[in-house]
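**Q** here is a sequence together with a model predicted from it:
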Amino acid sequence: MGFFKKLFSKEKKEKLDTGLQKTKEGVWSKITRAVAGKSKVDDDVLDNLEEAFITSDVGVDTTLKIIDRIQDRVARDKYVGSEELNNLLCEEITDLLARPEEDENLEDFEIKKGGDPYVIMVVGVNGVGKTTTIGKLAAQYKKAGNKVILGAADTFRAAAIEQLDIWGERVGVPVIKQKMGSDPAAVAFDTLSSAKAQGADVVIIDTAGRLHNKIGLMNELTKIKNVMKRVVPSAPQEILLVLDGSTGQNAFEQARQFVAATEVNALAVTKLDGTAKGGVVIGISDQFKIPVKYIGIGEGIDDLQIFRPEEFVRSLFLPTK
């Protein structure tokens, strides 16, 4: 339970509340309508809640699961007051969300030192904020006292290499690269070799965002992973799928395809500040049983946060203090 024991500063809480404001306003208005004129949670309230969640991009399967949980709680606890519905929703939805394994002795973006570098292989389609997320991750891990190196293994697009270079300069971390069209696995090999030689703590590898050929993508990502293991046998410890939260249900489809193509074990959901579709975080976490590890709630470098299910859900369903 160290994940919840960590101090969640007032500043982070305010940023989270601000970043989720559009989704919160949408969810609040729909729940308010669902319980309007009702003194207890009855079938009509549950039907209206179901519609509210589905239209908030939580997804049908997860919505039905939430409604079943609320129905069970109402029957078991003899709960009748609609004024307590938000607290009940917080408890049940938080319980649904997949949680990353966290070391309670480590702070945000801190890693255990002294062994092989912690390698994050980042996947996701073009346009979801993948390169920006990599840059912000690099900044946060560096800020936490880690030596960070980036690898430009998305050699399919020249712009991807240039964008990563810009982020490397901005954050002050080296970028290992080759020319456009180079073998992505060779770039990954060079990056990890350099990281070991320099005693780096964290390595973040960018990969191509193509999905038009799933078999080709699978083969490419598998090759990158296998080559990295020659240098760091445990690599990659994290295969991070970046999803654009503003795309709602399209993010579900992207998740399905990438989960089928490679062994994704962590998610980052970006652009939550500009959308009312933040409910997608709940559905994706529940349906794929893969923890959301990072969320993007603004354009600033510090607006990439470690995802805390409890704080996220409370920010959506409880009044801002």
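**A** Perfect, I can see it now.
**Q** pretty sure residue 207 sits against residue 223.
**A** No - Residue 207 lies out of contact with residue 223 (CB atoms under 8 Å); the separation is 10.7 Å. In short, each C-beta sits where N, CA and C put it, glycine included.
**Q** of those two, which one has the most company?
**A** Taking other CB atoms under 10 Å, residue 207 and residue 223 do not tie; residue 207 has more neighbours (26 against 15).
**Q** now do the contacts for the more buried one.
**A** Counting by CB atoms under 8 Å, 6 or more residues apart in numbering, residue 207 makes contact with 121-123, 153-154, 184, 220-221, 224.
**Q** state the pair within those that is farthest apart.
**A** Pairwise distances among the contacts of residue 207 were taken by CB to CB; the largest, 13.7 Å, belongs to 122 and 220.
**Q** what about these two, which has more around it?
**A** residue 122 (26 against 21).
**Q** what's the host helix or strand of the more buried one packed up against?
**A** Element membership for residue 122, per DSSP states H and E: strand 118-123. Using 3 or more CB pairs under 8 Å, 6 or more residues apart in numbering; DSSP states H and E, the elements in contact with strand 118-123 are helix 130-143, strand 202-206, helix 214-231, strand 238-244.
**Q** most tightly packed of those?
**A** strand 202-206 (a mean of 29; mean count of other CB atoms under 10 Å).
**Q** neighbouring strands for that one, and are they parallel or not?
**A** Looking at strand 202-206 with DSSP bridges, its paired strands and their directions are strand 118-123 (parallel), strand 148-152 (parallel).
**Q** export only the CA atoms of the very next helix or strand once past the shortest one, formatted as CSV.
**A** What it means is strand 148-152. Next in sequence after strand 148-152, counting helices and strands by DSSP H and E, comes helix 158-171. Provided in CSV are the C-alpha atoms of helix 158-171 (Å, rounded to 0.1, in the frame of the first residue of the first chain):
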residue,chain,number,x,y,z
ALA,A,158,13.1,11.9,-39.8
ALA,A,159,10.9,14.3,-37.8
ALA,A,160,10.8,11.8,-34.9
ILE,A,161,14.6,11.9,-34.6
GLU,A,162,14.6,15.7,-34.8
GLN,A,163,11.8,16.0,-32.2
LEU,A,164,13.6,13.7,-29.8
ASP,A,165,16.8,15.7,-30.3
ILE,A,166,15.0,18.9,-29.4
TRP,A,167,13.7,17.4,-26.2
GLY,A,168,17.1,16.0,-25.4
GLU,A,169,18.6,19.5,-25.7
ARG,A,170,15.7,21.1,-23.7
VAL,A,171,16.0,18.6,-20.9
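**Q** thanks again, I'm all set now.
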